[in-house]
Each structure stands twice: as structure tokens, then as C-alpha cells.
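Trainee: Everything below, folded, please.
(chains A, B, C and D)
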There are 2 protein chains.
Amino acid sequence: MSPTPRSGLGTNQEAVRRHNLGTLLRHVHQRGNSSRAELTKGMGLNRSTIAGLVAELESLGAVSHAEAVGTSRGAGRPSAGVRIAPDGPFVVAVDLGVDRVIVARVGLGGSVLQRAETIVAGSEAWQVGSTVAGLVREVVADAPTTSPMVGVGISVPGMVRRTDGLIRLAPNLDWHDVSFGGIVLAALGVDVPVSLANDADLGALSEHERGAGVGVSDLIYISGNVGVGAGVISGGHRLEGAGGYAGEIGHLRFNPAGRPCHCGNLGCWETEVGAHAIADAIRCPADKVPQLDEVLDGYAKAPRELRGIGSAIGQGLASIVNVFNPQVVVMGGYFDAMYRLVRAEIDQGLADRALPAAFESVSLAAPALGRDSVLLGAAEMAFEPLFIDPVTALGSAIQDVRARLAG
Amino acid sequence: MSPTPRSGLGTNQEAVRRHNLGTLLRHVHQRGNSSRAELTKGMGLNRSTIAGLVAELESLGAVSHAEAVGTSRGAGRPSAGVRIAPDGPFVVAVDLGVDRVIVARVGLGGSVLQRAETIVAGSEAWQVGSTVAGLVREVVADAPTTSPMVGVGISVPGMVRRTDGLIRLAPNLDWHDVSFGGIVLAALGVDVPVSLANDADLGALSEHERGAGVGVSDLIYISGNVGVGAGVISGGHRLEGAGGYAGEIGHLRFNPAGRPCHCGNLGCWETEVGAHAIADAIRCPADKVPQLDEVLDGYAKAPRELRGIGSAIGQGLASIVNVFNPQVVVMGGYFDAMYRLVRAEIDQGLADRALPAAFESVSLAAPALGRDSVLLGAAEMAFEPLFIDPVTALGSAIQDVRARLAG
DNA sequence: CCTCATTTGTTGTCTGAGTGAACGCTCATC
DNA sequence: GATGAGCGTTCACTCAGACAACAAATGAGG
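Mentor: Now for the predicted structure:
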């Protein structure tokens, strides 16, 4: 009904079909299995049009027919079910952490079909790329040969250039200007669409799509890994920035009389609420900092030392809330644990410092997808081309992945 | 070619026509007078389709034919000109300042056809509404009777709720929860679409459309009025936030050991770089604070007292650049003058504190539309429905405005 | 001055996507 | 078991945009 005003391009009817096909598939992806009646209402199109679209997606192998699915509610002939095809398209999601890598095969609907995880040994990019390639081979091992692989989505704890996916800087991996997508592809020996993005951005994406922010068009995912970052969804769109580096909230000025930050400034927010600051406060050894979330989970009650940090989190969030006016702030990474432990301090800090208009409509939330937010966000990103143009995306997807990744 | 993925709705061919008609008109609005050949290239549609669209817009009275417009460049038959109709649709833009109101009648292409301005006497909302209504009557006095008025756009120095245009808080007018749109309509005695928004947001809009940020999809307009705010365009979209209050950068935490801010906190950025801080530094009397930009224009060279403020501006901008990663930052309001005076300090402060990745792609710019940025942004906002659906917008526009506003 | 290539406007036909109405199927309700 | 409601299916219809052919208007070159 409302095509983008910004592209400046006109719409022809080929584009209409693409859009409707993609939108239909997106609906199925979001709701999981659905029915044609639901889709008719959801898309505002005619019954017969929906029938045609579903038929085309069936012939593409993306969805399959299901007789009279679920419990019928009310009178009338039950609507035909539209099910995600069991041997339908999938993506591979990669969550690149500071000390471990998680790889998963994810189907439509966001279901994790297979997963593999390992500790990262060497920190050289090519080593990690080789490790990832091995895990990818693992997770596609049981994929039906008829299932096409649409793409690979990779989450990176650092800044990713949006034009080409170059990793500009991943401080905790000590990577600079690494073309990790190319490295992984080379290690796999195939050519598939690979997309990379910042971990916080992807956390926001998945929580928006199927987590704590469903139906919320303005949300922020605060990522607490070793560094502090944010993914922002505003008006339903990802906030990317000119280069793709938007959301670097860790380096907001917080206390100019504070400690030096690795970025060169004094008293960035990250120096007060980052993993190292928290670890110092609770005397957690430095080598356990990457698992800070698990360490914090070990506490039943908040040690006194964390209270001040809780206030600092709340006060920093206030700036963020003032600037972005989100409806939901999802506390990702170790912020989830922190919010459980020092909720009162965080809430108080936020209430004290946020502007009333922005404060009244915001709420803090735990990630509904738990620790899989970022992983599932990588999957969402990889699926995206499928919802823009299913025919093209499935055309460029690779078939019989198992065989082609054998080497 | 690429309809919005977010709306979730399907596209039917009625919507296609609406979109193409609107997009075509938007092109004409942006480029000013154009030619059918240009539009064919710009929209990626067929020649004959463009011809049909132009014909429909002509019959709607929005554009008119022009034979062989401009200088022909190269061989071939010269393309028919598509001109903005002289008696075409217009909007009324209102720039509500702290101490004055500017009202203008603005035509397609962003041309100011008539303008009126006055000092605001009383600060009661109904008084201001009455004043505005009077100015509106002035600026439509010479409008052709066949020219339809599409709507009224009002810029407000404060927070505007996006759902209904309620002014939640305009600190420098001392307004709380004022339905100013309704007040103006009541004073005018007609019913036209009225839209309100924050001044900084509108500055960003116009600078993006036809100012220093043409072709730039990520820009920030820093508004220096009495308060400090920002309008953000990201990925070509306005950043609004859940309630419409996004961009309140004046209350970013800057110096927790600093002066108290009217918002209740200590050391907000605004307390260091706001109009009152600058006025104090240069010993400008308090009653001249609303005209601080003009006061600053009186300086040929920066007094020493402004240098520290320049650094604070630069350092604060660094936080903003880190968070939004814009390509252009437009220095609106008195920041324009400040940038002329203490450019070195601002640049230095920004360079010192911004992250390299974000810093390398950003540039600061003066508002290309001068002091009309905000006013023209209000016009752009009011025109927006016309580019979404010209037929409907012109249908609900009011004809023969002069007569109907006579009372 | 004439011819040619080039670009665009104009016209009529065609394609294809979504619509809408008629009809039949399947359910819940009484 | 009759009835109504909701849905799938089919087919004719509408209409927006594409496409091809032709006409018109320019600049370049001889």
C-alpha cells in the first residue's frame, strides 16, 4: 500500500509482484505457520491474489500446503494452512564473540535447526575464518539436499562498514580492516551472499522481529559484551549511519574527570559501565571478563559494589533515551544480568536523568531471545534478501549445500 | 521499484498509481522545473508511462506544460518541459520562534511566494494563535483563487507529540500540553490538514531536501535557538522516536560537575553551549538572548571567551557523531555564527573526541538555506501528503482560500 | 542546404497483476 | 439436519505499465 517515498524510483508491476511475494513470505516468517485467511487480512489483498502468491511460493519450495491447520476459531470453512516448508530455504548465522564462535543453521520462522559452537583459539582472522568454515560444514551436515542456502549472516563485535561488510575495527579481537566475509567464503570454497553487521544492531533486529520488541517500532538493544554498543531500530528501520557505525554509545561522554578509555578520551560511559569496570568492582579476574554475564549470573543478590555501576547505567541510559526516545530498551549481554541484580539503581538513575516526555513511554526489558538474540539477528539479516525478492534470492541460493561444502 | 518492507501491507495497482504520481510530483518539487526525459531516467519507468502520469498531474493542476524548456544538450528532439503550475498548490509554513513568528506561503519547488513576520507580544497560546492566523491571512492575500491550499506546517521550539501534534513542552514559550494546531485552525475558521513538528527536525528536513544535505541520507541539523536540539535524518528517514521527541541532544550529559540545567540535572551540554551560556560569556544582556545569532554576527573576530565554548561544542558534537555516524552536520541557529567565529576550536574538539571511523566521513556545514531552513522544513512537512497521494491530498485541499479566510 | 543519427513524443497493442462476483466446500450453531 | 458464516476456486474484468512502431525535432557533418 505504501511504497518507499525515498527511493525516488517508480513502481512497475513486476516490482509489485516481487514486493507482494516477499511481504507474504515475511509474514509467514514472522508468524511461523499461518493460514491464507490470516495473510489476506494482514496484507489487505484479495483472497484470490493471496492464493496466487501462495501457489507461487509453494512452487518455489519456500512454503508448503497444510490442511486445516491448528484450531479453527469460529464458523466457516477452515482456512488452508501455509506452512514453512520442511526442506525450505535456510541461512547460516554466525555469532562471532570475543572468545567463542556460535554457528547455526536457521530456517524460516527463526527456528534453529542445527548449531555448533567452539572456543576461538587463535585470534588471527584467517584462523577464525577457518574455524567458522568448519562449523558451517557441521551445521549443514543434516540439511536436506533440496534445501537451498540463501546466505550467511555474520555478527561482529566491532564496527562494520555497511557498504561492503569490511570489519573496520574489532577492538577485542584486535582486528583492523579485515574482510572477514571474503575469508570465510574462501575457506568454504563457495560463493554465497554474505552479510556482516555489528552485534548490537543484530540483537536489535531479532528482538524487534521476534523478541521483546515485537510490534514496537522504536527500540534499542544495549549490547554489553566486552565493549558497550547499541543497536537502534527507529520507525521500524535500522539506524545504520553513513558508514554503518551508528550506535557507538559506549563512547558517550559520561565523566570527563574519569578514567582513560581505550579510544583516547577520558571517562567514556564504557569506562564506568563496561565489562572491565564491572569486573574490577567485583574483583573478577581479567581472563573471565568475556564470560562476565555468566559470572554475574552466579550472584543471587547484588554485591554492594555493583550499586554505583547500576546508577551509572541508569544515568547513561537517560542520555540515550533522551536522544532516541525509544519505546523499549532491551538489556543485552551482561546488562541482562545487571538489570536483574541492580534493577532499582538502574531504574532510579534513568528516572532521575531522563526528560519526562521521553521517560514516560520507555520501558526496559530483558532480551526475550536470551543469549540467542545476536545469533538470530544474524539470521534475520541473511534472510532479508529473501523478503525483498524471493525469486531472485532463491535463484542465487546454492542447492545441495552438503555436497558443495564437502571439500 | 522497492516498496517499504515494514508496512506489512501488500501493494495493489491503485497503490502503484498513487505512488508513481506522488513520486513524479516529488521529483518536480525537488528539481524545480524539469523535463519528461529527466523524469523518465529518474524514475526508471517507460516514456509512455511518464507521459500518462504527467498528463494526470496536469489535469490536477499541479504541473503545466512548457515547450522545449531550457538549453537542449545534445542531439535529438528536445524533451517537453514539466513546469510547476503558477497557480498550483501551495502550503503555509509557520516558524514559531521564541520572540517572533514567521509565516510564509510556499509553492512547489520550495519557493517562498509571500511572507509575513511579527514580534510575538503575549505568550499565551491563544494570543499567538490569533497572531498566526492574521499572518496567514496576509500571506494568502495574493494567492490565485484557483490555487489550492494543501495544508499548514508549523515549526515549534519544543517537543511535539507525533501522533497528534500536541505541544508537550515548549520551555521558552512556557507552554505545556498545548494543542496549537487546533488553536490556529479555530482562529482561521477553516479545516485544513495541519502538521506540527520540532524546529530542529524541520531544519534537518529542508536541508536534506534542498540545502546542505542534498543527496546525503544521513545528516543532523543542530539547532541553536534558546535551547539546543537536533533533527536527525538517517537512511533518508526522519528519526522521530516513539513519541516524536527524539533528538534532545541538549540534555546529553557533558559535565557532571557543571551548572544546573532547567531539566533538573547538572551539566547538560546545553548548560555549556546553550544560548544563555554563550550570552554570559560575552556579557550579552539576557533580553537579547533570543537574537543571539544576530549578536554573534556582529563580531568580526571571536572574543577569547568563546574559545572554550567552541571546544565544548566540538566535544559534544563528537558524542553525537559517534552515536549517529552522520555524513553532514548542519550548524543551525546561532551555531552557524559560532562555527564562523570559532571554527578551529569546534573542529579540534570534534577531531579529538570522535571515533576515527565516524569522524572520517563527517563534515560540518553551514545551513545552505540560511535562516529559512526551519521555515522551509515546515513547508516540506506540509507538502508531504501531496507526494504520498496527490489525488487525495488535492481533494482535501481547500480552494479559493482568500475568500474562505476572509472572516 | 541536405542527409543522417539521435532522442523524444505519440499512438496502439500487449502483458500481467490484482479485483470482484459466482459458486461450492467445510465448519459451528441451533 | 438445516442454516449461516467464512473460505477456496474459478473466470471474466480492469487497469497500469511495457513495448514497438512511427512521427517529430534537434545537432553534426558533408
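Trainee: any idea how far stretch A:323-341 is from the chain center?
Mentor: Centroid displacement of stretch A:323-341 relative to its chain, using Cα atoms, centre = their mean, to the nearest Å, is 15 Å.
Trainee: So the closest residue to residue A:20 other than its chain neighbours versus DNA strand C, what's the distance?
Mentor: In this structure, residue A:20 finds its nearest non-sequential neighbour in residue B:10, 4.7 Å apart by Cβ to Cβ, 6 or more residues apart in numbering or on different chains. Quick note: C-beta positions are derived from backbone N, CA and C, even for glycine. Counting by Cβ to the nearest atom of the strand, to the nearest Å, the separation of residue B:10 from DNA strand C is 6 Å.
Trainee: Now do residue B:10 against residue A:16, distance only.
Mentor: Residue B:10 sits 9 Å away from residue A:16, taking Cβ to Cβ, to the nearest Å as the criterion.
Trainee: So between the two, which is more surrounded?
Mentor: For residue B:10 versus residue A:16, the count of surrounding residues by other Cβ atoms under 10 Å in any protein chain shown is larger for residue B:10: 25 against 19.
Trainee: Wasn't that one part of a strand?
Mentor: No: when the secondary structure is assigned by DSSP: H, G, I helix; E, B strand; the rest coil, residue B:10 falls in coil instead of a strand.
Trainee: Pull the contacting residues for it.
Mentor: If a contact means Cβ atoms under 8 Å, 6 or more residues apart in numbering or on different chains, then residue B:10 has A:1, A:19, A:20, A:23, A:24, A:43, A:44, A:45, A:49 as its contacts.
Trainee: what about the closest residue to residue A:268 other than its chain neighbours, distance to residue A:269?
Mentor: Using Cβ to Cβ, 6+ apart and skipping residues adjacent in sequence, the residue nearest residue A:268 is residue A:261, 4.0 Å away. Using Cβ to Cβ, one obtains 9 Å as the distance from residue A:261 to residue A:269.
Trainee: Can you check what pLDDT the model gives residue A:2?
Mentor: We have a pLDDT of 39 for residue A:2.
Trainee: Distance of the residue of the stretch 251-400 of chain A at minimum distance from DNA strand D relative to residue B:140?
Mentor: Taking Cβ to the nearest atom of the strand as the measure, the stretch 251-400 of chain A has residue A:389 as its residue closest to DNA strand D, at 16.1 Å. As for residue A:389, its distance to residue B:140 is 47 Å (criterion: Cβ to Cβ).
Trainee: quick one: which of the two has more around it?
Mentor: Per other Cβ under 10 Å, whichever of residue A:389 and residue B:140 has more neighbours is residue B:140, with 21 against 18.
Trainee: I figured the more buried one was touching residue B:400, is that so?
Mentor: No: taking contacts as Cβ atoms under 8 Å, residue B:140 lies outside contact range of residue B:400: 10.2 Å.
Trainee: just to revisit the earlier point, okay, and the common contacts of residue A:261 and residue A:269?
Mentor: residue A:251.
Trainee: who has more neighbours, those two?
Mentor: Between residue A:261 and residue A:269, residue A:269 has the larger neighbour count (other Cβ under 10 Å), namely 27 against 18.
Trainee: Per-residue pLDDT of the more buried one, please?
Mentor: 97.
Trainee: got it, and the one 4 residues further on?
Mentor: Taken from the predicted model, the pLDDT recorded for residue A:273 is 97.
Trainee: Let me see the contact set for it.
Mentor: Residues touching residue A:273, when contacts are defined by Cβ under 8 Å, 6+ apart, comprise A:224, A:228, A:309, A:312, A:313, A:316.
Trainee: among those, which are within reach of chain B?
Mentor: The residues of the contacts of residue A:273 that also fall near chain B, by Cβ under 8 Å from any Cβ of the partner chain, are residue A:316.
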